[in-house]
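> pasting the sequence and the predicted coordinates here, then a few questions.
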Amino acid sequence: MQKLLHTARFHTTVARFAQLPRGLLPEVAFVGRSNAGKSSAINALCQRKRLAFASKSPGRTQALNFFGLGPVDADPIGFLVDTPGYGYATAPGDVKAQWDGLAGEYLQRGAENLRGVVLLVDIRRQITPRDRILLEYLPPETPLLVLITKADKLGRAGQWESREAIRRQLAELDIAPERAELVLFSSPERTGLAQAAARISAWIVGPVDALENGDRKPALHESSTTMNDQPETDTPEP
């Protein structure tokens, strides 16, 4: 069967909390700072060129976009939810307040359907103050998949150092390793793609069904989250 995420298609745009889809279908939300590579990650995971797209003015796309999953000739079995990018310096204050009022409310009140949150973090910026505020919106039990994006911008040693720094930053926020899976990710290089897709699919339909739908567990050499890994010895790229 076709991989679950490859069935993604546009379902609806939500500009107000009252417009959220009815029912109890599982949802996975994508959140991240503007310019962290969120749209590129969604498109790469779903193997679509423009399923999600960034505004020409970062921080100004202020709606929730729902993408349905499952057989295209049937009702969706779950949703991917693309939230607005946040924290862009030139976004006016009222736009930031609107993000707080819509996306923030969704993350807090949508927990009944929310199976997990994909947090996109630029490997060169790590956890920003705005990321910390975002994490405060989440119920404490919400599982996290932290995609450390643009990993191709650093060498192996630099990737390891940034990943460990992010792990420590999450620990400072009382987010245990069991709750947050860290994955080095690069859309152009397809780094971390299989591992991330398997986790998201498992949140939607469960690990067994996800594998039956064509998503496989990452091979040992693909894993980028084991805390007992040792750093590579090659020199970081300049």
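Noted; the coordinates are in hand.

> pull the CA atoms of the longest helix belonging to the chain into CSV?
Counting by DSSP state H, the longest helix found in the chain is helix 156-172. The C-alpha coordinates for helix 156-172 follow below in CSV (Å, rounded to 0.1, in the frame of the first residue of the first chain):
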residue,chain,number,x,y,z
ARG,A,156,28.7,15.5,11.5
ALA,A,157,30.5,16.9,14.6
GLY,A,158,28.5,20.1,14.5
GLN,A,159,25.2,18.2,14.1
TRP,A,160,26.0,16.1,17.2
GLU,A,161,26.9,19.2,19.2
SER,A,162,23.7,21.0,18.2
ARG,A,163,21.5,18.0,18.9
GLU,A,164,23.0,17.5,22.3
ALA,A,165,22.5,21.3,23.1
ILE,A,166,18.8,20.9,22.1
ARG,A,167,18.4,17.9,24.3
ARG,A,168,19.8,19.8,27.2
GLN,A,169,17.6,22.8,26.5
LEU,A,170,14.5,20.5,26.5
ALA,A,171,15.6,19.0,29.7
GLU,A,172,15.8,22.5,31.2
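
> mind checking pLDDT for the closest residue in space to residue 186 that isn't next to it in sequence?
Nearest non-adjacent residue to residue 186, counting by C-beta to C-beta, 6 or more residues apart in numbering: residue 152, 4.2 Å away. Every residue, glycine included, has its C-beta placed from N, CA and C. Looking at residue 152, its pLDDT reads 94.

> any idea how far the host helix or strand of residue 146 is from the middle of the chain?
Taking DSSP states H and E as the definition, residue 146 sits inside strand 144-149. Taking C-alpha atoms, centre = their mean, to the nearest Å, one finds strand 144-149 lying 6 Å from the centre of the chain it belongs to.

> got it, and stretch 67-77?
Offset of stretch 67-77 from its chain centre (C-alpha atoms, centre = their mean): 20 Å.

> and that stretch, what's buried?
Burial within stretch 67-77, assessed by neighbour count using 16 or more other C-beta atoms under 10 Å, is assigned to 67-70, 76-77.

> quick one: which of the residues you listed is nearest to residue 28?
Checking the buried residues of stretch 67-77 against residue 28 with C-beta to C-beta, the nearest one is residue 69 at 9.0 Å.

> next, name the residue at the spatial heart of this protein.
By C-alpha atoms, centre = their mean, the mean C-alpha position of the chain lies nearest to residue 118, the distance being 2.5 Å.

> who does the longest strand along the chain pair up with?
Longest strand of the chain, by residue count under DSSP state E: strand 114-122. Applying DSSP bridges, strand 114-122 is found paired with strand 27-32 (parallel), strand 144-149 (parallel).

> pLDDT averaged over the first one - what is it?
This means strand 27-32. Strand 27-32 comes out at a mean pLDDT of 94.

> repeat that for the last one.
Per-residue pLDDT values over strand 144-149 give a mean of 97.

> next, the angle helix 156-172 makes with that strand.
Orientation check (axes from the mean of the first three to the mean of the last three C-alpha atoms, to 10 degrees): strand 144-149 against helix 156-172 gives 150 degrees.

> pull the CA atoms of strand 144-149 into CSV?
C-alpha atoms of strand 144-149 as CSV (Å, rounded to 0.1, in the frame of the first residue of the first chain):
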residue,chain,number,x,y,z
LEU,A,144,7.0,15.6,20.7
LEU,A,145,8.9,14.9,17.5
VAL,A,146,11.7,17.5,17.3
LEU,A,147,12.9,17.8,13.7
ILE,A,148,16.3,19.5,13.8
THR,A,149,16.1,21.1,10.3
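
> SS state for residue 133?
State at residue 133, reduced to three classes by DSSP: H, G, I helix; E, B strand; the rest coil: helix.

> next, count neighbours for it.
Other residues near residue 133 number 13, with proximity taken as other C-beta atoms under 10 Å.
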